[in-house]
Every structure is written in structure tokens, then in C-alpha cells.
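# Below are the sequence and a predicted model for it; my questions follow.
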Amino acid sequence: LRGARLGGADLNGADLEGVDLTGAVWNRQKPRHLSVESRPGCKLAGCTNLAKATFDNLTGANLDGVDLHGVDLGGKDCTGASFMGAKFAGVLNLATAKGVYLRGAILDG
């Protein structure tokens with residue numbers, strides 16, 4: 001899925017172990033038009049093994065309700081991504097992620 005255009009896709013039930021998502025486009029809109037309130041991005045709720053996938057950004061992705069335990073966000077651009085109800089306990093390198101807006105996220109275990 002390297003460089004795939006995933007805007008509007010629903011990855012519920014997808015096993016992402018070993019999947020290369022480098023350069024994936026998670027949203028149909030250009031990054032400058034993204035806001036947390038607009039959520040037409042690829043839905044990752046229900047996918048498994050996100051921590052074992054390779055990706056360089058989550059710009060505009062919909063991670064509402066996703067358990068991000070073990071996911072390395074170090075240096076990744078998350079501008080416009082939605083994290084409502086996402087569980088951040090066990091996320092790696094959150095301090096170096098770019099554009100993470102934590103409104104509505106669950107920060108404790």
C-alpha cells in the first residue's frame with residue numbers, strides 16, 4: 001500500500017502487520033484544508049497491528065477509538081488526524097510527533 005490514496009477507506013478488520021504505508025495519503029483534502037472537525041480521512045478503528053506497520057505520516061487519518069499501544073509516532077506528521085477516544089497509553093515518541101491534537105484522546109492506561 002506504499003503511496004496508496006486511502007481517503008474515505010475503512011480499514012476495520014484489516015491486519016496491518018508488515019504492511020508498508022509509507023507515503024500513504026490518508027485524506028482526500030490537502031493538508032492545509034484539514035481540521036480536527038473534518039473527518040473524511042481513512043478510518044483505522046478496528047484495524048490490527050498498526051504498531052507493526054511501516055508509515056511516515058498519519059496526516060488527516062481518522063484514528064478515533066484506536067488503541068495506539070506500541071505505535072511509534074516519532075517524527076511522524078499527524079496534522080489534521082482525529083484522535084477522539086484514541087488510547088495513547090504505550091505510544092512511543094509522542095513528544096517528537098508533529099501536529100498531534102489530543103482533544104478527546106485517552107491519555108492514561
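In hand now; what should we look at? Residues are numbered from 1 along each chain as shown.
# tell me the contacts of the closest residue to residue 75 other than its chain neighbours?
Using C-beta to C-beta, 6 or more residues apart in numbering and skipping the chain neighbours, the partner closest in space to residue 75 is residue 96 (5.4 Å). (Each C-beta comes from the backbone N, C-alpha and C, glycine too.) Applying C-beta atoms under 8 Å, 6 or more residues apart in numbering, one finds that residue 96 lies in contact with 73-75.
# Quick one: those residues as a markdown table, columns for distance to residue 65, neighbour count and pLDDT too.
Formatted as a markdown table, those follow (distance: C-beta to C-beta, whole Å; neighbours: other C-beta atoms under 10 Å; pLDDT from 0 to 100):
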| residue | distance to residue 65 | neighbour count | pLDDT |
| --- | --- | --- | --- |
| 73 | 17 | 21 | 97 |
| 74 | 23 | 12 | 96 |
| 75 | 24 | 11 | 96 |
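# what are the phi and psi values for the residue nearest to residue 75?
According to degrees, to the nearest 10, the main-chain angles of residue 96 amount to phi -100, psi 0.
# Next one, pLDDT for it please.
Here the pLDDT value assigned to residue 96 is 96.
# Tell me how far residue 4 lies from residue 101.
Distance, residue 4 to residue 101, by C-beta to C-beta, to the nearest Å: 24 Å.
# what's the answer for residue 67, then?
Taken as C-beta to C-beta, the span from residue 67 to residue 101 is 18 Å.
# Name the spans of the protein whose pLDDT lies under the cut-off.
Under the criterion pLDDT under 70, the flagged ranges of the chain are 29-40, 109.
# tell me the contacts of the spatially most central residue of it?
Closest to where the C-alpha atoms of the chain average out (C-alpha atoms, centre = their mean) is residue 58, at 4.3 Å. Counting by C-beta under 8 Å, 6+ apart, residue 58 touches 26, 73, 76-78, 81.
# Output those in CSV, with secondary structure and distance to residue 105 appended to each entry.
Shown next, in CSV, are these (DSSP: H, G, I helix; E, B strand; the rest coil; distance: C-beta to C-beta, whole Å):
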residue, secondary structure, distance to residue 105
26, coil, 17
73, coil, 12
76, coil, 16
77, strand, 17
78, coil, 11
81, coil, 11
